[in-house]
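Trainee: Just to be clear, the model below is a prediction. Sequence and coordinates:
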Amino acid sequence: AFFGRILTLVLDLVLLTLSIFYCIGQRLTFNLALITECEGRAIEEIWRHSYESRTLIDGEVVLTAESQHGHTSDACFTTNLIETNTDKLWRSNQYQYAWSEERITVQFVLFAIIA
């Protein structure tokens, strides 16, 4: 009987933890970040970044298409205010989360109390 009570307590704690995480998850919103909003950069700053990210082999600068056009995995080194980093778009996912702006409803409060 003692082990049955301990098992019930452990099961209740696991279910309580799952319910709490579910309540928190209901209050969060997740967005897939595909487009980066950038602040405008000066041409000199973009050139300096392109020069610093050049390709070096055995201590010598090697001209490649990436180094000539300043293609790097760093975001926002462009004069455009919006950038889509295609390297990250196809090879990884970036998510942004924020607390939901919606009002807390009665159903949410009742579920939280019951849980």
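Mentor: Great, that's in hand.
Trainee: can you give me the helices for this structure?
Mentor: With helices called from DSSP state H, the chain shows them at 2-27, 43-52, 65-69, 86-91, 106-114.
Trainee: Could you export these as CSV, including mean neighbour count?
Mentor: The way it works is simple: take the backbone N, C-alpha and C, and place the C-beta from them, glycine included. Putting the helices of the chain into CSV (neighbours: other C-beta atoms under 10 Å) gives the following:
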stretch, mean neighbour count
helix 2-27, 11
helix 43-52, 12
helix 65-69, 12
helix 86-91, 11
helix 106-114, 11
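Trainee: Tell me which of these lies nearest to Ala98.
Mentor: With C-beta to C-beta as the criterion, Ala98 lies closest to helix 2-27 of the helices of the chain, at 10.0 Å.
Trainee: any idea of the mean pLDDT in that closest one?
Mentor: Helix 2-27 carries an average pLDDT of 90.
Trainee: residue with max distance from the center of this protein?
Mentor: Here the centre of the chain is the reference, and by C-alpha atoms, centre = their mean the most remote residue is Ala1, at 48.0 Å.
Trainee: All set now, cheers.
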